[in-house]
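sequence first, then the predicted structure:
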Amino acid sequence: MKFRRVFLFVASLSVAGILLVAPALASGPDDFVRSTGMQAFNSLGSGISDDERAKRFRAILTRSFDLPTIAKFVLGRYWRIANKIQRGEYVALFEEFIVQAYAHRFKDLSGKKFLVKQTRKLTARDKLVLSEVIIAPGRPPVRVNWRVRGLESKYRIIDVMVEGISMSVTQRDEFAAVIRRSGGKVEGLLAALRKKTQN
Amino acid sequence: MRIIRTKKGFSILKSYPAIARNKIFRIIAGGCVAVALTLSGCATEPPANNPEALAAYKQANDPLEPFNRAMFEVNLGLDRAIIKPIAYVYKEIVPDIFRDFVENFLDNLRSPIIVANDLLQGEFERAGTTLIRFIMNSTFGIAGINDFAGEVGLVRHDEDFGQTLAVAGVESGPYLMLPIFGPSNPRDGIGIIVDLLLDPFQYLGNSAFGLARSGARAVDTRARRYDTINELERTSLDFYAAVRSLHRQRRADEIRNGAPSANQPAPMISGTAPGPNVDEWQTPRTK
C-alpha cells in the first residue's frame, strides 16, 4: 500500500514536471517555423476567396514576422535619408505591398509536404532554420530557409530564402532601383507603392 | 535573330498571321534602334558626394543599364510574340506526363556537360551521381524520358562552365542582358559557348536536331515558369530590377551548390555579390 502511494506521488510529480518543462522544450525556433509554415500551407489554399486569403496571410504576417525590421532592412541606406513621416507611411505601405504581392503565391501550395530539417546559429539572437517543401515525389525539394530572430519563446521571422533567393534582398534591390530612377528621392518609391497598393 | 534568316525559321513565322508577323518584325526593328541608340550610353556613375546613390550604383553592378534595359524590352517583346504563346498552348494542351517525358529527355541530354563541369570543379561524388544517372536513365529510363535514377534517390543537379569559372575564382563582370539568352554576365556568356563546345550531342545530331532541342528547352522552361513570371511581373514595381536581383542571387546559390547562406558577409566565392551586412538587420527605433 505504502509503496503504491509513493509510486503514485513520484509519478504525479514527474507528470507535473513534464507539463512544466514541455512548453519550454517545444518552443525552439524550429518549432516556431514549423507551426508558422503549417498555418501558411494549410490555411491559404485554393478553397477560399482572394480576400479571405489576403486576410489570413496578413494575420500570419503580422503575428510571425518582424515587419518593421524587414521594412527598414529593405529600404536599406535610404532609411537614413527618409524623414519620420516618410518612414511611417513607408512601413504601412510596405505591409500592404507584401500582402498583395505574396498572399496569392500560396494558392497552389496547399497540402504540400513541409519539413523542417535543422537549425543553425547565425548571431547571438538570429538563427537560420532550414526547411524543404516537397512539390512532387522524385523531384528535388524546394529549399526554404528562414532567418529567425528572438530569444526564448518569442520568435519573429526576418527573412525567407527560397532556393537561395532572399525575399528581403530582392525587395531591397528593387526598391533601390525605383528610388535611384526617381532621382534618389524616397518620395518616388512611396508614390510607386501607393499606386501599386491602390486596388 | 538568326532563326528568322534560316529557311526553317521562315516556315515557323509563316504559320503566324500577318499581323503577328508584322509585330515580330516591328519588335525586332524597334529593339535594334533602341539598342543602337543606347549602345554608346553607359549609366553615369553618381558623384562621390552622393554616397547613397553611389552605393546603390555599385551594388547593382550594372554599368550598361541603359543598353541592358533596352535589350530586356527586346527579349520581352520576343517572348510575348513567340515563346509565351507557344508555352501557353504547350502547358494547356499537352498532358503533364508527356511534358515530364520531354523535360527528362532534355535533362538527360545535358548529363555530359554536367559530368564535365563536376569533374572540372573537383566534385567527384557529384560527377559519379550524374554519370550513374545518365546510364540508368538512358537504359531503364528509356532514352532518358523517365527519371528512374531520381526515383531511387539519385537526385539531379545542374552545372555549367560559368559556375566552373566562378569556383576557379573568375569574377562575373558586370550584369549583361544577352539577346534571347536573357540575364547573364561576361563570365557566364563565355560559359554558354564553352558548354556548347563540350556537348557531344551538339556534334552527333544535325542542325535541325540542335534547333529542335533548343526550341523545346525554351518552350519547356517557359511553360514551367509561366505562373511565376506572371506573378513577378504583376507584383513588381520595377520588373527589370527584380529580374536582375533574382538572377544574381540564383547564380550565387547555384555556384554554392545550394549551401545555405544567411546573406551575411562570409568567405564567399568571388564573383558573387556579397549579401547585406548583419548590422543592416537592425530593428528601427522610430516607428
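In hand now; what should we look at? Residues are numbered from 1 along each chain as shown, chains lettered A, B, ... in the order given.

where do the helices of the stretch 101-250 of chain B begin and end?
B:111-120, B:124-139, B:148-151, B:161-167, B:186-198, B:200-204, B:207-224, B:226-235, B:239-255 (DSSP state H, counting those that start in this stretch).

meant to ask about chain A
A:2-25, A:29-43, A:50-64, A:67-75, A:78-81, A:84-102, A:167-181, A:186-197 (DSSP state H).

returning to what we had before: closest to chain A out of the helices of the stretch 101-250 of chain B?
helix B:239-255 (2.5 Å; CB to the nearest CB). Glycine gets a C-beta too; all of them are placed from N, C-alpha and C.

check which residues of the closest one are buried.
Within helix B:239-255, the residues that count as buried by 16 or more other CB atoms under 10 Å in any protein chain shown are B:239-249, B:251-255.

against which helices or strands is it packed?
strand A:165-166, helix A:167-181, helix B:65-78, helix B:161-167, strand B:182-184, helix B:226-235 (3 or more CB pairs under 8 Å, 6 or more residues apart in numbering or on different chains; DSSP states H and E).

which stretch among those comes nearest residue B:84?
Smallest distance to residue B:84 across the helices and strands packed on helix B:239-255 (CB to CB): 8.0 Å, for helix B:226-235.

need the contact partners of the closest one.
A:100-102, A:104-105, A:108, A:196, B:87-88, B:91, B:222, B:239, B:242-243, B:246 (CB atoms under 8 Å, 6 or more residues apart in numbering or on different chains).

just want the residue of chain A that's nearest chain B.
Closest point on chain A to chain B, by CB to the nearest CB, is residue A:164, at 2.5 Å.

neighbours of residue A:124, how many?
By other CB atoms under 10 Å in any protein chain shown, the residues close to residue A:124 number 6.

got it, and residue A:101?
19.

for it, what are its contacts?
residue B:235.

residues near residue B:166, how many?
Residue B:166 has 25 nearby residues by other CB under 10 Å.

leaving aside the residues next to it on the chain, what's closest to the residue of chain A closest to chain B?
Nearest non-adjacent residue to residue A:164, counting by CB to CB, 6 or more residues apart in numbering or on different chains: residue B:253, 2.5 Å away.

coming back round to it: among the helices of the stretch 101-250 of chain B, which comes closest to residue A:141?
Using CB to CB, the helices of the stretch 101-250 of chain B put helix B:148-151 closest to residue A:141, at 11.7 Å.

how big is the angle separating whichever strand or helix holds residue B:53 from helix A:186-197?
Per DSSP states H and E: residue B:53 is located in helix B:51-60. Counting by axes from the mean of the first three to the mean of the last three CA atoms, to 10 degrees, helix B:51-60 lies at 60 degrees to helix A:186-197.

return the distance of helix B:51-60 from the chain's centre.
With CA atoms, centre = their mean, to the nearest Å as the basis, helix B:51-60 stands 25 Å off its chain's centre.

tell me which strands and helices that helix is in contact with?
helix A:78-81, helix A:167-181.

the longest one near chain B at all?
What it means is helix A:167-181. Yes. Under the criterion of CB under 8 Å from any CB of the partner chain, chain B is reached by helix A:167-181 at A:168-170, A:172-181.

CA atoms of that helix as PDB?
Provided in PDB are the C-alpha atoms of helix A:167-181 (Å, rounded to 0.1, in the frame of the first residue of the first chain):
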ATOM      1  CA  MET A 167      12.800  37.900 -50.300                       C
ATOM      2  CA  SER A 168      14.200  40.800 -48.300                       C
ATOM      3  CA  VAL A 169      17.200  41.200 -50.600                       C
ATOM      4  CA  THR A 170      15.100  41.000 -53.700                       C
ATOM      5  CA  GLN A 171      12.700  43.700 -52.400                       C
ATOM      6  CA  ARG A 172      15.600  45.900 -51.300                       C
ATOM      7  CA  ASP A 173      17.300  45.700 -54.700                       C
ATOM      8  CA  GLU A 174      14.100  46.500 -56.500                       C
ATOM      9  CA  PHE A 175      13.200  49.400 -54.200                       C
ATOM     10  CA  ALA A 176      16.700  50.800 -54.500                       C
ATOM     11  CA  ALA A 177      16.300  50.800 -58.300                       C
ATOM     12  CA  VAL A 178      13.000  52.600 -58.100                       C
ATOM     13  CA  ILE A 179      14.500  55.300 -55.800                       C
ATOM     14  CA  ARG A 180      17.600  55.700 -58.000                       C
ATOM     15  CA  ARG A 181      15.400  56.100 -61.100                       C
END
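
where does the chain have low pLDDT?
You didn't pick a chain, so chain A it is. A:1-26, A:138, A:152, A:199 (pLDDT under 70).

you looked at the wrong chain, it should be chain B
If you take pLDDT under 70 as the line, chain B has these spans: B:1-43, B:262-281, B:283-287.

do you know how far the residue lying closest to residue A:179 once chain neighbours are set aside is from residue A:76?
Nearest residue to residue A:179 in three dimensions, chain neighbours excluded: residue A:189, at 5.0 Å (CB to CB, 6+ apart). Residue A:189 sits 11 Å away from residue A:76, going by CB to CB, to the nearest Å.
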